Every structure is written in C-alpha cells, then in structure tokens.
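Undergrad: Task: produce atomic coordinates for the following.
(chains A and B)
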Amino acid sequence: MKAVCWMGTEKMSVETVPDPTILNPRDAIVKITSTCICGSDLHLYNGFMPTMEQGDIMGHEFMGEVVEVGGAIKSDRLKVGDRVVVPFTIACGRCFFCQEQLWSCCDNSNPNYWMAEKLMGYSPSGLFGYTHMLGGYAGGQAQYARVPFADVGPLKVPAGIPDEKVVFLSDIFPTGWMGAENCNIRPGDTVAIWGCGPVGQFAIRSAFLLGAERVIAIDRFEYRLQLAREGGAETINYEQVDDLIQVLKDLTGNIGPDACMDAVGMEAHYSGPMWAIDRGKQILKMSVDRPNVLRQCIIACRKGGTVSVPGVYGGFLDKIPMGAYVNKALTMKTGQTHMMRYMKPLLERVERGEIDPSFVVSHRVPIDKAPEMYKTFRDKQDHCTKVVLDPWADGAAAA
Amino acid sequence: MRKAASIHSGNARSGPGLSTTLRWGALIGGGALAAFGLSRRSRAGLAAAAAGGALAYAGTRVNTQSGDIISRSSILVNCSPREAYQFWRDFENLPQFMNHLDSVTVLDDSRSRWTALGPLGTRISWNAEIVSDHENELIGWRSLPESDIAVDGIVKFSPAPGNRGTLISPIIVYTPPAGRIGHSLARLLGKDPGFLMRQDLRRLKALIEAGEIPTTEGQSHGPRSALAAAARWADPDQPVGSQRKPVEMLGRQRRIS
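TA: This next block holds a predicted model:
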C-alpha cells in the first residue's frame, strides 16, 4: 500500500510498504477513505519531537471501512463493512483510567511505556502516527491502517453523511471542544483563544456552543482571522498591535478574559529577546518548546480565571510566570483529548446541523501530494487551513 | 524463598552503590570518547569512536552487581486478588509476560521446570518447587537443591485501597553460580533487573486488564536507517538472547519514486 513516511526533519515521502496485518486479537484493519494532516504533525515534520524513526508512517486523523477484525472483536461492537472514524488516541477501555473516562491516559496502549515514563513519570496512551515514546504505532496517512483495541475507539458513522463532515471527529473537533470545555465556561464569559488554526477554529465555535458570550481570537494570518470572524469571534492580529496584553485589557474593561486558551503550543512565533532566547535554545537542542503563548495566557487571564492548553508541548518549559499563576489564583487544564467522551455527542451535533466541520477544509489532494502539502501547511502558503488527503485518488492501488 | 521473603518483610536493602557509578561511568566516558573520535575525522579517530561506542554499550549491558541479583517491583492491576493469584499460580502463564523466560512446564502439583533465554541462543534451565501457597494471597517458590542456579521467588497479592484492584508484588532473587552459566545469567539479567521486572509486570497488567499485550512488532513501516537498527539493538526491553538478525531489523523495503 501507499503510506506517507517520515524520513527525517522536513523529509516526508510516499513509500510503498506492506499492507498492515492483524497483530493482536482486538485489532482491526481499516481501509482508509479520508485522512488529514494535523498541526501536530508539523512538530514532527519540523523535527522538534524526539523519538521519531526514519520510516515511521505518519497520520492520526483518518476514517474508512473495516475490512478485517481480530478474533476477540465481538460483532455487536465492530464488524467488517462498518464505516468508522478512528480516534487518534488508543485506549484499552478496561484500565482504571479508561473507566474514569480519562481515555488519553490509558495505561495499557503504549508498548513503549518506559520511554514516556522516564520523561513524564507515567505514560499517557499510545497515539497513531506519532513518536515512539508515545507508542510508535503506524499511522493513517496510508491506504490501510491497523487499529488496536478496535472494539473501543472507532466510532461507527452512518452512510450518507460525507467524509468531510465527520473525519474531523478523529481529532481536531473533539480537541477544540475539550479545549473549550476546559475553559470552565459560564454564561456571559469572555474567552480569548491564541491560534486560529483548525483546533482554534473548532474551539471558537465550541466555546459559543458551550455558552460563551464573547470569543476573542488571536493570530497573525488574515485569512485565518477571517475564518474566525465567520465563526463569530472578535479578532486581533498580534503582529499589528504593540502590546497584546494591553489590547485584551482594553477590550475587557481592564478585567481580562475569563479564560485564555493556548491553541498554539510549542512552536509559537513572537519577537524580541524572549524569542531570541527560546529559538536559540531550540536550535541548540537545549529545549524543544517555545512557550510564549502560555506565558501570555497566564499574564492576560483575569484573576481566578482558567488557562486551557490544547496546544502541544514536548518537554520542559522555561520562564513560565509561576508567580502570576499563583498570585492570580488561576486554574490550568490540559491533556490530550479524551476522544471517546466526545465523539458520539459531537457526531449527533453534526447530524442535527448545529455545526458543519467541513468549513476548515482548504485543500483536497491525492496522497501522493502529501510531502509538498506538509510544506504548504507549515508555511501557511496558499491560505492553507486544513489538508484532506485521498489515499485512493486516480484509483492508484499501489503494489 | 527465604531470601525473597526476608526482603518482602523489609529485612534487606539493596542500594545502587558502586554498580550504578560504574554503569554511568562507562556510558558517559564511552559516549565522550565516541564523540571525540568522530570529531577527529581520521582513522585513529574512528578507532577511538568505536572503542568509546563499545564502552558505552557495555555500560548499558553489563551487570556490575556482585552476588545476588534481586528483581523486585509491584503493580496495581484492575482485577480481584483471586484473578491475579489464579493467573500467576499457573506458572505456564509466566513466559507470556516475562520476556526472558522461554518456557515453564508444570511437572506436578508443586514442581515445575523453567527455561530462560541466555545470550547467543543459549538456554538455562532449572527445576523449582512451590514452598508456600496461600490462596489469593501469596505464592513462594525455590529452585531445587541440585539445580545449576539458585532462584528464589515470592509474589504477594493484596487488595488495593478504595476497591481499585489488586497490588501484585513479586520479588525474585537469583544467586548465580561461578563459571559460564553464572556469567550467562548475569548477562541475561544484567541490563537492570528492576527494569526488567517492571516491564514484565506492565505486560502482566495489560494481559489481565486488556486481554492482550500492546505491540507494534510486525507492523508496516517505510525504509529504516542503520541508526534505527542500532537503536533497536540497544533497546533495554529486548532480551539479550534475542535472535533477530541485523538485516531483519533494518527491514529495508523497496522504495518507489
């Protein structure tokens, strides 16, 4: 089959690899109909995430049709022919964490648990198409994928609803939703969201659905701010203001947003001496993160407010204003998305027409174009917001 | 099981001590030598790099402890003490999650034959008998006197607070004899007996809770580099006796375009 492989920093290539096979009794094989490039894939593309290996198959946002199931999968849970969206986190469904609905903290899905344990104390769940520290599972930017614990994760979707409306249930829609839920929104709240990429866009719309009265969206690309305004947000282009924190104060009568969301993560762009320090440390491999958005969220947030972090961080952060965090009595909520909590309720919202997730799609291309689309997406060229790949374009069934 | 039992009741302590210093000394010194050698870009430099690499590798592999090898840990499993006890009591289940065991054959009610994987495809075998068995609470076993090596094990099962499952706490003490077999055993467990035990228990937990051990062995991937193959050789979770050939680990595949 064809698969997009990580071949090194800024090197992606479409390779012909063996079709996946069932390796465990609770596995299934999915023939992929739509698959996407995620912003968090760009951290891998840019080489900032440790424990990638040449030849790793990328991709964790995919859907398709079940073509094979392992011996332990009961037919009432999943069977051949089912149309499914596959969540990017892998969960066993039976450990303490799964039973607490902390699905992205599953104890049994990371075969390389010890690697993450060294860095984090305990390992979160395994992920598709990500680092070996987080499982090293082959991903879904391919024609087929092996899905472990397939009786827990995949969400069945009815025929007749197009891929583009449901494929984002695999990651970014629930991730934006959980980011908004983590803001502890009460009616009348003002939420500030840094980053108007796909997760930020879903977070804006989710915040309104959860009762926020105002959403202030922050980015530097006009086309993304335009999309945010279409979602009902007020917008700030941070490159066009002198002092972002002061602008947020002015917009909120000097009280600050009730919640601040970092939908940017480890590769924020900013300027000044802090940028020089953070970028320099990254180049010297002393640090993998440039955490300026997190710093701004903490400073900008109103006293007693909430900082929500759906953005991805990899390691140890420097110069976090802990004094402000403590003295202002803030709460921070984070986590990889607990996918299985949100997929079904959000599918129902899509079916009821409350939201049409396909609004984020800017590019639809055959999988062979994936390597160049990584660059386009990373460099925000061609008004790129979200890339959907078709693994079977041109009917090209590779050997 | 006297040694293991005495550790369980807190009468013995084992610290990292000199062995850890030696291990890290080899790792850091070897790594520095390798880096220095590579930076020379000469034949002598290459030799220095190779020597440094070998030293660092030895640091990850060689057991620097003397005397008893104590392997202990504990894990919380989402099951009843009864389920955990019954799974462990059938010793033939143990190789499913203990990677260094090749097989265990139950001979009768109390005796069993154990075979471990040694370096370079060798096997080490011993017979053991159960010396203490409290249903749903504790199992103790010990290698028989005429065995080549002395193995002494105990595992306890206790209900976790808050009705959150069962705490499984094994201690296994290996007393390697002098000579070749002892050397093999020391190498087998040499990476870090505590680490191996934690890995084994993690697999046991997955097996009981999820019904299977998570794996990516045998999944598809694109062309690997030599660096990745080297990383796999040094994977501390692989048994030293692992038979995989470098070619397989490279797993090179035909490239298109």
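
Undergrad: And the residue of the stretch 51-200 of chain B that's closest to chain A?
TA: Proximity of the stretch 51-200 of chain B to chain A (Cβ to the nearest Cβ) peaks at residue B:78, 5.5 Å away. Using the backbone N, CA and C atoms, a C-beta is placed for each residue, glycine as well.

Undergrad: What residues does the residue nearest to that residue when sequence neighbours are not counted make contact with?
TA: Nearest non-adjacent residue to residue B:78, counting by Cβ to Cβ, 6 or more residues apart in numbering or on different chains: residue B:165, 4.4 Å away. Residue B:165 makes contact with A:96, B:76, B:77, B:78, B:79, B:80, B:159, according to Cβ atoms under 8 Å, 6 or more residues apart in numbering or on different chains.

Undergrad: Quick check: phi and psi on residue B:165?
TA: Dihedral angles of residue B:165 (phi, psi; degrees, to the nearest 10) stand at phi 110, psi -150.

Undergrad: quick one: residue A:270 is in a strand?
TA: No: if the criterion is DSSP: H, G, I helix; E, B strand; the rest coil, then residue A:270 is coil and not within a strand.

Undergrad: How about it, nearest residue that isn't a chain neighbour?
TA: residue A:292 (4.6 Å).

Undergrad: count of neighbours near residue 148?
TA: If you meant another chain, say so; for now it's chain A. 29 (other Cβ atoms under 10 Å in any protein chain shown).

Undergrad: Sorry, I should have been clearer: chain B.
TA: Other residues near residue B:148 number 16, with proximity taken as other Cβ under 10 Å.

Undergrad: Is it in a helix, a strand, or coil?
TA: Assigned by three-state DSSP, the conformation of residue B:148 is coil.

Undergrad: Where do the helices of the stretch 1-150 of chain A begin and end?
TA: Using DSSP state H, counting those that start in this stretch, the helices of the stretch 1-150 of chain A run over A:39-45, A:96-99, A:113-120.

Undergrad: Please identify the buried residues of the last one?
TA: What that stands for is helix A:113-120. Using 16 or more other Cβ atoms under 10 Å in any protein chain shown as the test for burial, helix A:113-120 gives A:113, A:114, A:115, A:116.

Undergrad: the helices in chain B, which residues?
TA: B:2-8, B:17-40, B:43-61, B:81-89, B:180-188, B:193-210, B:226-233, B:246-250 (DSSP state H).

Undergrad: In terms of mean pLDDT, which of those ranks lowest?
TA: Mean pLDDT is lowest for helix B:246-250 among these, at a mean of 44.

Undergrad: worst-scoring helix or strand of chain A, pLDDT-wise?
TA: helix A:273-283 (a mean of 87; mean pLDDT, DSSP states H and E).

Undergrad: who's in contact with that helix?
TA: Here helix A:273-283 has contacts from A:48, A:269, A:287, A:288, A:289, A:290, A:291, A:292, A:295, A:318, A:319, using Cβ under 8 Å, 6+ apart.

Undergrad: In helices, which of those residues fall?
TA: Counting by DSSP H, the contacts of helix A:273-283 contribute A:292, A:295 to helices.

Undergrad: Looking at pLDDT only, which of the contacts of helix A:273-283 scores worst?
TA: Among those, residue A:288 carries the lowest pLDDT, at 79.

Undergrad: contacting residues around the residue in chain A positioned nearest to chain B?
TA: Proximity of chain A to chain B (Cβ to the nearest Cβ) peaks at residue A:5, 3.3 Å away. Applying Cβ under 8 Å, 6+ apart to residue A:5 gives the contacts A:12-15, A:17, A:54-58, B:221-223.

Undergrad: The same query, at a cut-off of 7 Å, please.
TA: For residue A:5, the contact set (Cβ atoms under 7 Å, 6 or more residues apart in numbering or on different chains) comprises A:13, A:15, A:55, A:56, A:57, A:58, B:222.

Undergrad: Okay, now the unreliable bits of chain A?
TA: A:395-399 (pLDDT under 70).

Undergrad: How about the residues of it by chain B?
TA: A:3, A:5, A:7, A:14-18, A:20, A:23-26, A:53-57, A:72, A:92, A:94-96, A:108-111, A:113-114, A:126, A:135-138, A:146, A:148 (Cβ under 7 Å from any Cβ of the partner chain).

Undergrad: switch the cut-off to 6 Å
TA: By Cβ under 6 Å from any Cβ of the partner chain, the residues of chain A that approach chain B are A:5, A:15-18, A:20, A:23-26, A:53-55, A:92, A:94-96, A:108-109, A:111, A:113, A:136-138.

Undergrad: you'd agree residue A:22 is up against residue A:72?
TA: No: using Cβ atoms under 6 Å, residue A:22 is not in contact with residue A:72, being 10.2 Å away.

Undergrad: what about these two, which has more around it?
TA: Using other Cβ under 10 Å as the criterion, residue A:22 and residue A:72 rank with residue A:22 on top: 19 against 15.
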